[in-house]
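Participant: no sequence on this one, just coordinates:
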């Protein structure tokens, strides 16, 4: 990753922040996108000159497009997109939840992924290479009580990832998803507080640290992961954990 440039959405905390640190430690330039301006500025200051903090709401395409352009100008190109930004809200039964909050989840979790792909793919296709990784979820593949917005938006993002791979693999792009399992982040605190479904009953010790998916994302940028293009890699799989080096 030395000299490569990586753009990470949702980089202010959790998996996004851990991923920024991991890629920077591996020698990459990192563009940190999030709505939390102070948090990404602090993280960029921690990482140093090879980090760029860009306030961005991924649900707004012009902001994503401008962030991609700023990244390319600053570092001379873009090699990797990590589509990490996501929200769990609203948690609740479909018969009770706020439709506007539900739609907002789709705007971030699904449209935000599309906006990142749409903004980065032309440049990657023109240069003949690039890697796009979407942070997926087991919720993309099966229903979870109280998570209708999350399940539906993640399922849509999974299919979007498959379509993007179908369209662009022969143009030199590597596109896939990472399903990390349950990770010790603020999102899990919100899930715990909801008290809905078995996942909210898990102990904190049941969750993996965010550094594990960050390490997996680094591995996915190598040719060792080429057999998984167009699909989700599950970090719950013990074989995958061994390959990544977190078993």
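Facilitator: Perfect, thanks for sending it. Keep in mind that this is a model prediction, so the values were computed, not measured.

Participant: which residues touch residue 5?
Facilitator: By Cβ atoms under 8 Å, 6 or more residues apart in numbering, the contact list for residue 5 reads 28-31, 71-72, 75-80. For glycine as for every other residue, the C-beta is placed from the backbone atoms N, C-alpha and C.

Participant: And for residue 80?
Facilitator: The contact partners of residue 80, taken as Cβ under 8 Å, 6+ apart, are 4-7, 23, 28, 130-133, 221.

Participant: residues in contact with the most centrally placed residue in the chain?
Facilitator: Centroid-nearest residue in the chain, with Cα atoms, centre = their mean: residue 84, separated by 1.8 Å. Shown in contact with residue 84 (Cβ under 8 Å, 6+ apart): 8-11, 15-16, 19, 135.

Participant: For it, give me the pLDDT.
Facilitator: We note a pLDDT of 96 for residue 84 in this prediction.

Participant: Adding secondary structure, write the contacts of residue 5 out as JSON lines.
Facilitator: Formatted as JSON lines, those follow (DSSP: H, G, I helix; E, B strand; the rest coil):
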{"residue": "28", "secondary structure": "coil"}
{"residue": "29", "secondary structure": "strand"}
{"residue": "30", "secondary structure": "strand"}
{"residue": "31", "secondary structure": "strand"}
{"residue": "71", "secondary structure": "helix"}
{"residue": "72", "secondary structure": "helix"}
{"residue": "75", "secondary structure": "helix"}
{"residue": "76", "secondary structure": "coil"}
{"residue": "77", "secondary structure": "coil"}
{"residue": "78", "secondary structure": "coil"}
{"residue": "79", "secondary structure": "coil"}
{"residue": "80", "secondary structure": "strand"}
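
Participant: Write a PyMOL command that selects only the buried members of the residues you listed.
Facilitator: The PyMOL selection below is limited to those of the contacts of residue 5 classed as buried (16 or more other Cβ atoms under 10 Å):
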select buried, resi 28+29+30+31+71+72+75+77+78+79+80
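
Participant: Kindly reformat the contacts of residue 5 as CSV containing distance to residue 209 and pLDDT.
Facilitator: Listed next are the contacts of residue 5 as CSV, based on distance: Cβ to Cβ, whole Å; pLDDT from 0 to 100:
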residue, distance to residue 209, pLDDT
28, 21, 98
29, 24, 98
30, 19, 98
31, 24, 98
71, 27, 98
72, 32, 97
75, 28, 97
76, 33, 96
77, 31, 95
78, 28, 98
79, 26, 98
80, 22, 98
